[in-house]
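**Student:** Return atomic coordinates for the entry below.
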Amino acid sequence: MIQTIYLIILGYFILGGLGFYLINRNRDRETAKKSYTKYFTYVVIIHVLFFGIVLEPVVFSALSAGIVMVGLYELLKLRTLNPGKCRPAFFSVSIVVYLLLSVGFIIFGTLSRELVLFSFLVISIFDSFSQISGQLFGKTRISPNISPNKTLGGIVGGAIIAALSAFLLSGLVDSSYFELAVLSAGILLFAFFGDLGASLYKRRFGVKDYSKILPGHGGFLDRFDSLIAGGAWVAIASRLLELY
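**Tutor:** Coordinates of the predicted model:
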């Protein structure tokens, strides 16, 4: 089963690579280079997390804790470097929300390997193909003042591919189709709003990127905001739907 899933992931990487080629073929060399750097960095990240889940669950739990800590560091760093840019109330609420989501994400890392793997893949597919379909077909911006690159076409395209993938991977989760639909819909909603919330935080501090830790990405949290929020939802849903 795991081997089959890995082959499916490789297929998605090929589709994603084709998408990036179509996006970059008419771009200047420097812009295309940054885009491909982002793609290959993402490939490495997915492999690290995937094998962290399937080989030894405690590894993913450790990675989850590391993701939370580095994300918190980036949030606090923006506050330290730009103390007058944002109201204290917004900063305080943002940190509380982040910590609550982080607790859920840490709990998520302790759930069954199959449920964690299913959720991780759905989030990753939604996140990556939202970007690809947005750049290929997106015209209507959803929230230009918060996240200029998010488009209706991108979100719809990513959601459709992620939803289809959820049913393709349904063998990992012992649940009814209704429970699977509720779980998947929640994952997509939390992932989207987690990403949007992280973008809002950056905009309030007047910066484009959290950091340059990951090549081609706008920071560590910029890469993992959807996973943290989506994972937190799964931790909640696992209790509501009795999925373990």
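**Student:** Next, work out how far apart the spatially most distant residue from the centre of the chain and residue 204 are.
**Tutor:** Going by Cα atoms, centre = their mean, the residue of the chain most distant from its centre is residue 84, 29.4 Å out. Distance of residue 84 to residue 204, computed by Cβ to Cβ, to the nearest Å: 12 Å. Glycine gets a C-beta too; all of them are placed from N, C-alpha and C.
**Student:** any idea which strand is longest in this structure?
**Tutor:** strand 147-151 (DSSP state E).
**Student:** and the residue farthest from the centre of the chain, which of the three is it?
**Tutor:** coil (DSSP: H, G, I helix; E, B strand; the rest coil).
**Student:** And the pLDDT for it?
**Tutor:** We have a pLDDT of 70 for residue 84.
**Student:** any chance you could read off phi and psi for it?
**Tutor:** The phi and psi values for residue 84, taken as degrees, to the nearest 10, are phi -100, psi 0.
**Student:** do residue 143 as well
**Tutor:** Main-chain torsions, residue 143, degrees, to the nearest 10: phi -150, psi 80.
**Student:** Over to residue 141?
**Tutor:** According to degrees, to the nearest 10, residue 141 has phi -80, psi 140.
**Student:** Okay, helices next: where are they in the chain?
**Tutor:** Per DSSP state H, the chain carries helices over the ranges 2-24, 29-55, 57-81, 88-108, 113-137, 152-168, 177-204, 220-240.
**Student:** Run through the neighbouring helices and strands of the shortest one.
**Tutor:** Which is helix 152-168. helix 113-137, strand 141-143, helix 177-204 (3 or more Cβ pairs under 8 Å, 6 or more residues apart in numbering; DSSP states H and E).
**Student:** All set now, cheers.
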